[in-house]
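Peer 1: Sequence first, predicted model second:
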Amino acid sequence: EAQVTQNPRYLITVTGKKLTVTCSQNMNHEYMSWYRQDPGLGLRQIYYSMNVEVTDKGDVPEGYKVSRKEKRNFPLILESPSPNQTSLYFCASSFLTGRNEQFFGPGTRLTVL
Amino acid sequence: GENVEQHPSTLSVQEGDSAVIKCTYSDSASNYFPWYKQELGKRPQLIIDIRSNVGEKKDQRIAVTLNKTAKHFSLHITETQPEDSAVYFCAASRNNNNDMRFGAGTRLTVKP
């Protein structure tokens, strides 16, 4: 089954404790992206990657890191989480050419105390 | 960069009525305009999209119209049903997804 998976789905952590949210897709998509969703603000892009070893900042990259060592995986790293990073996070992937439909993962609800 | 504004933020209609959600964008080079539906607790899913070489696209009860001159596009849902209740997001981008910008979302409620 073609899909985007994220882990964990829910996470409660404390300020300053490093964490990683994993994202994996099995559709051979070149493009992968991370968004955060906050009430009234829609989906804001954090980082994106157009291929292996190619990453770039989105609109709200501060406090986040990413890596793209393999085509299928695109982890999101919070080196020192803060309460303002409490949010719902979505990973998405798509092809770069042809139809641009983005497929979203199930989301990760993160709470930073 | 691109800026997408979406209205209204909430919309309540009676079952069977039509619903219209409108979006405006700022980047005249944008040429891909998808609409996503997000049900409560679920992930956003594409319901319809349109490219700039087309003015209108229809898929059963949903349709999207695009006015490139005015830089606005709209989602139309006819004969609404309770299962249409969700948050709808519009988005705009150029050829690549790296510059896709989403609207803030419209919470649609269809009352039985």
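Peer 2: Thanks, I have the structure now.

Peer 1: Might you enumerate the residues of chain B proximal to chain A?
Peer 2: B:1, B:6, B:9, B:32, B:34, B:42-46, B:49, B:89, B:93, B:95-98, B:100-105 (C-beta under 8 Å from any C-beta of the partner chain). No exception for glycine: its C-beta is placed from N, CA and C like everyone else's.

Peer 1: please redo it, this time with the cut-off set to 10 Å
Peer 2: Selection of chain B residues close to chain A by C-beta under 10 Å from any C-beta of the partner chain yields B:1, B:4, B:6, B:9, B:31-32, B:34, B:36, B:38, B:41-46, B:49, B:51, B:87, B:89-91, B:93-105.

Peer 1: Next, check those against the strands and list the overlap.
Peer 2: Here DSSP state E is the test, and these give B:4, B:6, B:32, B:34, B:36, B:38, B:45-46, B:49, B:51, B:87, B:89-91, B:101-102 as lying in strands.

Peer 1: Just the buried residues of the residues you listed.
Peer 2: Buried residues within these, defined by neighbour count using 16 or more other C-beta atoms under 10 Å in any protein chain shown: B:4, B:6, B:32, B:34, B:36, B:38, B:46, B:49, B:87, B:89-91, B:101-102.

Peer 1: count of neighbours near residue 55?
Peer 2: Unless you meant another one, I'm taking chain A. Using other C-beta atoms under 10 Å in any protein chain shown, residue A:55 has 17 other residues around it.

Peer 1: that's the wrong chain, I meant chain B
Peer 2: Residue B:55: 12 neighbours (other C-beta under 10 Å).

Peer 1: who's in contact with it?
Peer 2: The neighbours of residue B:55, taking C-beta atoms under 10 Å, 6 or more residues apart in numbering or on different chains as the test, are B:64, B:65, B:66, B:67, B:68, B:73.

Peer 1: rerun that using 8 Å as the cut-off
Peer 2: Shown in contact with residue B:55 (C-beta atoms under 8 Å, 6 or more residues apart in numbering or on different chains): B:65, B:66, B:67.

Peer 1: Repeat that for residue B:62.
Peer 2: With C-beta under 8 Å, 6+ apart, residue B:62 has these contacts: B:35, B:47, B:48, B:75, B:76, B:77, B:78.

Peer 1: I figured the second one hits residue B:35, correct?
Peer 2: So that's residue B:47. Yes - shown here, residue B:47 and residue B:35 form a contact pair, counting by C-beta atoms under 8 Å, at 5.4 Å.

Peer 1: Look at those two and report which has more neighbours.
Peer 2: For the pair residue B:47 and residue B:35, the greater number of neighbours falls to residue B:35 (22 against 18), based on other C-beta under 10 Å.

Peer 1: Next, the contact list for residue 90, please.
Peer 2: No chain specified, so I'll use chain A. So residue A:90 contacts A:6, A:34, A:35, A:36, A:37, A:43, A:104, A:105, A:107, A:108, B:43, B:44 (C-beta under 8 Å, 6+ apart).

Peer 1: not what I meant, chain B
Peer 2: B:4, B:6, B:21, B:23, B:33, B:34, B:35, B:73, B:75, B:102, B:103.
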